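Asks: Structure of the sequence below:
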Amino acid sequence: MKFIVTSTALLKQLQILSGVLNNNNTLPILDNFLFEIKDKELVLSASDLETAMTTRMAIEAKEEGVVAVPARIVLDILKNLPDQPLTFTIDVKTFGIEIASDFGKYKLTGQNGEDFPKAPAVEKPKTIKIGSSILAKAIGKTIFAAGNDDMRPVMSGVFFEIYEGSFRLVATDAHKLVRYSRTDVGGDMASFIVPKKPLNLLRNAIGSAEIEILIEHTENNALFTFNDISLMCRLIEGKYPSYEAVIPKENPNKLTIDRLDLYNSIRRVSIFANKTTHQVRLKMNGSELNVSAEDLDFANEAQERLTCSYVGEDMEIGFNSRFMQDMLSNLNSESVNLEMSAPNRAGILTPVEKADEAEDVLMLVMPVMLNS
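Replies: Below you'll find the predicted structure:
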């Protein structure tokens, strides 16, 4: 079995797939890329049993066949070759692979491609079509808020809610929550939880291209298809928490402030915060916001004053500085609103200016109890 392919084109496709690979696979064959030649196309696949990704590219080939190629070694050799045609020759009996370049020949041993796990078929799926820039933006705005707790797997993914005329992505780790909604995209009514890994892979594969993505999903799996790429993932089973119940509806105290001013102030002041709680204290008084932090163990403290617009009773509230920075860096508007009801209730961050009327972003952050 023999085929000719350009080194940089092959490297680009394999780098898209490389994010699927795990360092500690249960099956040794999962340390390989699957190379499958069909109709003068090279179909490339990677899998970790939970997520499977496939891409395809045109090649010069006279015969068809399949082989599993060691991922790390083929990536390393391609990274160290300039752009040139490569000739792959595969012994279909021993799965020995020879790569011929302008510089010489490289030999490695593959495995039987027939042993590579097949991705499950998506039968009778529900579907939604969505622009790539919209989906990439929705993932970027929510994924940072998803949890890492193995004891609560439903919170370790992003919750998709699809309606006929709208769709919504939600992520939370019980300390922070993001709800991203759009009213210009819709599909078959459904809800499901997608793990973080395939969403990160999807976002990286989309890049800056403006294309349409087809999402097909069943009770157990979701399939994302665009251009020559398909990404299959197993969905997280379980019921997502009733997130609407934790969003306070009555928030009479409203702070409006320049987003970057608040972000930079929190970033500076948090250097002096306790390294366990990362607590920063916000004190609202008229048109002035006092941002402060202290670490009593080392007698470190810092405070800054910012001008703002504030409506409500004077109040003091503590937040985790890391969570606040994450949220402020993922909002795009010049100014933000921070709505609060009490020092022991969640604060709601929303953008003041909307770049897109179809979009609605709400970020919630739980307070950190203040030291008296």
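Asks: shaky segments in this structure?
Replies: Counting by pLDDT under 70, the chain contains low-confidence ranges at 372.
Asks: Please parse it into its domains.
Replies: 2-115, 126-244, 248-365 (automatic domain parsing).
Asks: Kindly indicate whether the residue positioned nearest the centre of the chain is helix, strand or coil.
Replies: In the chain, the residue lying closest to the centroid (C-alpha atoms, centre = their mean) is Asn200, at 3.4 Å. Here Asn200 is helix, with the state taken from DSSP: H, G, I helix; E, B strand; the rest coil.
Asks: thinking again about what came up before, save the domains of the chain as CSV, and put in distance to Asn371 too.
Replies: In this view, the C-beta of every residue, glycine as well, is placed from N, C-alpha and C. CSV is the format used below for the domains of the chain (distance: least, C-beta to C-beta, whole Å):
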stretch, distance to Asn371
domain 2-115, 42
domain 126-244, 19
domain 248-365, 8
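Asks: buried ones in stretch 319-335?
Replies: Neighbour counts over stretch 319-335 (16 or more other C-beta atoms under 10 Å) mark Phe319, Asn320, Ser321, Phe323, Met324, Gln325, Asp326, Met327, Leu328, Asn330, Leu331, Ser335 as buried.
Asks: before we move on, which element is the nearest residue to Thr142 once chain neighbours are set aside in?
Replies: Counting by C-beta to C-beta, 6 or more residues apart in numbering, Thr142 lies nearest to Ala171, which is 4.2 Å off, once chain neighbours are set aside. Here Ala171 sits within strand 167-172, counting by DSSP states H and E.
Asks: Show the secondary-structure elements that that strand is packed against.
Replies: helix 132-142, strand 157-162, strand 176-182 (3 or more C-beta pairs under 8 Å, 6 or more residues apart in numbering; DSSP states H and E).
Asks: Could you provide those in JSON lines, with additional columns for distance to Asp228?
Replies: Formatted as JSON lines, these follow (distance: least, C-beta to C-beta, whole Å):
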{"stretch": "helix 132-142", "distance to Asp228": "14"}
{"stretch": "strand 157-162", "distance to Asp228": "24"}
{"stretch": "strand 176-182", "distance to Asp228": "26"}
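Asks: okay, those in a markdown table with mean neighbour count and distance to Pro241 next?
Replies: Below are the helices and strands packed on strand 167-172 laid out as a markdown table (neighbours: other C-beta atoms under 10 Å; distance: least, C-beta to C-beta, whole Å):
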| stretch | mean neighbour count | distance to Pro241 |
| --- | --- | --- |
| helix 132-142 | 20 | 15 |
| strand 157-162 | 22 | 9 |
| strand 176-182 | 23 | 9 |
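Asks: how many other residues sit next to Phe298?
Replies: Number of residues near Phe298 (other C-beta atoms under 10 Å) recorded here: 10.
Asks: Please report how far it lies from Ser270.
Replies: Between Phe298 and Ser270 the computed distance is 14 Å (C-beta to C-beta, to the nearest Å).
Asks: same question, Asp184
Replies: 37 Å.
Asks: More neighbours: which of those two?
Replies: Ser270 (20 against 14).
Asks: what's near enough to touch the closest residue in space to that one that isn't next to it in sequence?
Replies: In space, Ser270 comes closest to Ser321 once its chain neighbours are excluded; the distance is 3.6 Å by C-beta to C-beta, 6+ apart. If a contact means C-beta atoms under 8 Å, 6 or more residues apart in numbering, then Ser321 has Ile266, Arg267, Val269, Ser270, Ala273, His278, Gln279, Val280, Ala293 as its contacts.
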